[in-house]
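# pasting the structure only:
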């Protein structure tokens, strides 16, 4: 398999995507909706490149195009740069304060103010929904159709499936998802709207609130890790560590009186 | 007193499980013997179109009238409800057999007259007959009507002849003959070979060679699926619906043949839920075919199994796209899959899946029966066979039209369609649904031959077969806006170009039609259109801008008139025109004054009238009704 990337022959394994090969060879292709840990969705179309296989030249998204035979790839032609510029201009109204879009705009000479703002606080990369499906409680999903498509929970109500893992907040490229712990509850707020509200565990030892009250069995099953034992949800990790330390100390160093919890922390 | 004679009846033949192809032929012969083609019969079209205009009521009235009349010594005429005859603008349609008398726009109140005059005495009711636009005398027989006479009905052959809810009637007309032939005389490879020879191309719009698709699917390992795409959603297109409603067994037989050819035992029909009659017809047809042993397990005792299931969509246009359809069939959201793999390799449930359109499947039985060479002799070199078009818009005869590929637009619009009503000029023909394009007619394209290649050449496409005829009163900017707006609503929304690009195009087009167009709008439309066509994920997005491209290409001056002169030459975009009465042409007949709902027209009898612009609501009533063409669009 002979792969020529921007005029230079590069090594590639069969089935590797164009994006993987490009990144391995230090060629930058911009992406918005791609992270290596999740299946490519090819939604943002920013990573579109020009591919010639045989006699046919076509535009494909590099994040999900598997290389199977000799190919020539161009990643930065004028036509592609123009397309990316317009793509950024079209996306900008949704989320004008996105740093990522501003960076891309600078790179491709896009006019972020070309179209009137709609301020949806979301660039519709779908990452939150995909990561939620992969590692979370399958709470967030893409709801609606066409221009009305948006990230939402089932029926737009706060979800009971959420495990409060916060993966959505962490992955969001425009930082529009927040995880807030207060008053004994963890709330996930997606674009200003409460997506879930989960009671937090109160530590039976120190009385502090910690991780959310959840059943992880379904999530572990989704990940193929059914055999991992459920976590201790009655004692906070700190107390858990502290209590273990006490037990170990008492077993091995009976003669010592251990300092109370707080002092250990200070030490 | 002489007794009335009951007509020969296939209902008296019991339903049996047919266990060999020879038994099927015997059963067919028994059915043929029990049906007399020369018996008097009233055939009523009960397609969706005619039902909408009241054919159900007509059937009830006819039934009552037949019961009331005394048939001493005569054969009681039977009443048959069929699928769509195709001549929808003239519905409800009634045909009296064996004379082949054609009655149109029949009402329930006409029933007694039809029975007492036509059937009892053989008298023709002139009032119900069809008169072509330019003819003086009505046409009596349905086969003589130019609309039917000029068509080549192969796929639609049995529609209008058979009762779609009665498999025995379909058997009388030759259904499942090809399946029996293939199962006994042909190997699966031979079936594929025959389809390859026929050069049949996908009728859903893509035009991919069906034989090639089958071949590559048959090569795959694992469970293979045969799926029928009956998610017909193009505005104004109803070919597939009529096929399913009128002759479901032809489609089912085509699917079973495909299953046999591909070594598949499982088929699905993905039908849109907005076609309740089609779903009912299909459900019934599958049940009846299974009862007779023509579908299901051990078909005709040959050991071949083929199980068919109907799945209904939930009203998304995008589910006509193959990967979205398969997602939807799996129970997931109907969004196209972002995967560079063909569905013949990995489709439904990640298994090899062969998806064809309703009309493609309907073509298969006769290819198997008469051979690929025969099929190839119809149509053109590269587009073989016939194509069913849904002819709509500003044309005299609206309905389903089947013609050989390569028939000229002139023949379709004027020969079969009967031309443009109200003495208007033909302006354009739109083909290919929302992803197609507008072909300008007076300029040069009236004689192009309709085929896959030719339509693409002039910037449109075959699509699934919608054909919208537009007269001079059509604004092309508004047409483009309508189609893009349709796609904005039907876009799945997952990919950026289609979701964000199309809505911007609609904004620009709407602005232009409101008279707020500005310099650079045409260029912006072209820029965004090119981008959506190049960067989108699925076929919906990559062809979405076609209506804009073709209208800009052929009707640029109309865009410019909107943007720079703030005029809509066709008189459609309300802020961009006004009506004026040409004082010289006006005879002062007063018709416009009487028709005007806004009381905006004043004038004395036999003297030129005038329109008060401040009152005019531009409803078009005066323009449409003036017999002297004295209302001008300015």
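Ah, there it is. Everything numeric here is computed off the predicted structure, so don't read it as measured data. Residues are numbered from 1 along each chain as shown, chains lettered A, B, ... in the order given.
# any idea how far residue B:432 lies from chain A?
Using C-beta to the nearest C-beta, to the nearest Å, residue B:432 is found at 21 Å from chain A. For the C-beta atoms, the positions are set from N, CA and C on the backbone; glycine is no exception.
# secondary structure element holding residue B:593?
Using DSSP states H and E, residue B:593 sits in helix B:591-595.
# kindly report the same for residue A:210.
strand A:209-212.
# determine the set of other helices and strands touching that strand.
For strand A:209-212, the packing partners by 3 or more C-beta pairs under 8 Å, 6 or more residues apart in numbering or on different chains; DSSP states H and E come out as strand A:193-202.
# report how many residues lie close to the residue lying closest to residue B:5 once chain neighbours are set aside.
Of all residues not flanking residue B:5 in the chain, residue B:75 sits nearest, at 4.7 Å (C-beta to C-beta, 6 or more residues apart in numbering or on different chains). When neighbours are defined as other C-beta atoms under 10 Å in any protein chain shown, residue B:75 has 16 of them.
# before we move on, back to that, what average pLDDT does the helix or strand following the strand holding residue A:210 get?
Sequence-wise, the next helix or strand downstream of strand A:209-212 (DSSP H and E) is helix A:217-222. In this model, helix A:217-222 has a mean pLDDT of 83.
# list the buried residues of helix A:217-222.
Judged by neighbour count using 16 or more other C-beta atoms under 10 Å in any protein chain shown, the buried positions of helix A:217-222 are residue A:219.
# what do you get for stretch A:140-157?
Buried residues in stretch A:140-157, counted by 16+ other C-beta under 10 Å: A:140-143, A:145-147, A:149-153.
# could you do stretch B:50-67 as well?
B:50-51, B:53-59, B:61-62, B:65-66.
# what about the closest residue to residue B:48 other than its chain neighbours, neighbour count?
Using C-beta to C-beta, 6+ apart and skipping the chain neighbours, the partner closest in space to residue B:48 is residue B:277 (5.5 Å). By other C-beta under 10 Å, 18 other residues sit near residue B:277.
# packing partners for the helix or strand harbouring residue B:277?
Assigned by DSSP H and E, residue B:277 falls within helix B:276-291. If you count contacts as 3+ C-beta pairs under 8 Å, 6+ apart, helix B:276-291 packs onto helix B:167-172, helix B:239-246, helix B:248-262, strand B:266-271, strand B:304-312.
# could I get the ones you listed as a markdown table with distance to residue B:136?
As requested, those are exported to a markdown table (distance: least, C-beta to C-beta, whole Å):
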| stretch | distance to residue B:136 |
| --- | --- |
| helix B:167-172 | 38 |
| helix B:239-246 | 32 |
| helix B:248-262 | 39 |
| strand B:266-271 | 44 |
| strand B:304-312 | 48 |
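# now these in JSON lines, with mean pLDDT?
Listed next are the helices and strands packed on helix B:276-291 as JSON lines, based on pLDDT from 0 to 100:
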{"stretch": "helix B:167-172", "mean pLDDT": "95"}
{"stretch": "helix B:239-246", "mean pLDDT": "94"}
{"stretch": "helix B:248-262", "mean pLDDT": "97"}
{"stretch": "strand B:266-271", "mean pLDDT": "96"}
{"stretch": "strand B:304-312", "mean pLDDT": "96"}
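# need these in a markdown table with mean neighbour count and distance to chain A, can you?
Listed next are these as a markdown table, based on neighbours: other C-beta atoms under 10 Å in any protein chain shown; distance: least, C-beta to the nearest C-beta, whole Å:
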| stretch | mean neighbour count | distance to chain A |
| --- | --- | --- |
| helix B:167-172 | 24 | 38 |
| helix B:239-246 | 28 | 23 |
| helix B:248-262 | 28 | 24 |
| strand B:266-271 | 23 | 18 |
| strand B:304-312 | 17 | 18 |
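# circling back: and which of the buried residues of stretch A:140-157 is nearest to residue B:444?
residue A:146 (36.7 Å; C-beta to C-beta).
# any idea of the pLDDT on that closest one?
For residue A:146, pLDDT reads 90.
# count the residues that sit near the closest residue to chain A within the stretch 151-300 of chain B.
Per C-beta to the nearest C-beta, residue B:233 is where the stretch 151-300 of chain B lies closest to chain A, at 13.5 Å. Residues near residue B:233, counting by other C-beta under 10 Å, number 20.
# grab the nearest non-local neighbour of it.
Nearest non-adjacent residue to residue B:233 (C-beta to C-beta, 6+ apart): residue B:317, at 4.1 Å.
# need phi/psi at the residue of the stretch 401-550 of chain B at minimum distance from chain A.
Relative to chain A, the nearest point of the stretch 401-550 of chain B is residue B:493 (3.2 Å; C-beta to the nearest C-beta). Here is the backbone geometry of residue B:493 (degrees, to the nearest 10): phi 90, psi 0.
# ok, residue B:550 next?
phi -70, psi -30.
# so what's it up against?
B:436-439, B:459-460 (C-beta atoms under 8 Å, 6 or more residues apart in numbering or on different chains).
# quick one: which of those residues is nearest residue B:573?
The shortest gap between residue B:573 and any of the contacts of residue B:550 belongs to residue B:438, at 16.6 Å (C-beta to C-beta).
# give me the beta-bridge partners of that closest one?
residue B:430 (DSSP bridges).
# outside of stretch A:135-155, which residues touch it?
A:120, A:122, A:124, A:126, A:128-129, A:132-133, A:156, A:159, A:161-163, A:165, A:167-168, A:188, A:190-191, A:195-196, A:214, A:218-219, A:222-223, B:316, B:333, B:488-494, B:499, B:503.
# distance to residue B:113 and secondary structure added to the buried residues of stretch A:140-157, as JSON lines?
Shown next, in JSON lines, are these (distance: C-beta to C-beta, whole Å; DSSP: H, G, I helix; E, B strand; the rest coil):
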{"residue": "A:140", "distance to residue B:113": "66", "secondary structure": "coil"}
{"residue": "A:141", "distance to residue B:113": "61", "secondary structure": "strand"}
{"residue": "A:142", "distance to residue B:113": "60", "secondary structure": "strand"}
{"residue": "A:143", "distance to residue B:113": "57", "secondary structure": "strand"}
{"residue": "A:145", "distance to residue B:113": "51", "secondary structure": "coil"}
{"residue": "A:146", "distance to residue B:113": "52", "secondary structure": "helix"}
{"residue": "A:147", "distance to residue B:113": "55", "secondary structure": "helix"}
{"residue": "A:149", "distance to residue B:113": "57", "secondary structure": "coil"}
{"residue": "A:150", "distance to residue B:113": "60", "secondary structure": "strand"}
{"residue": "A:151", "distance to residue B:113": "64", "secondary structure": "strand"}
{"residue": "A:152", "distance to residue B:113": "60", "secondary structure": "strand"}
{"residue": "A:153", "distance to residue B:113": "63", "secondary structure": "coil"}
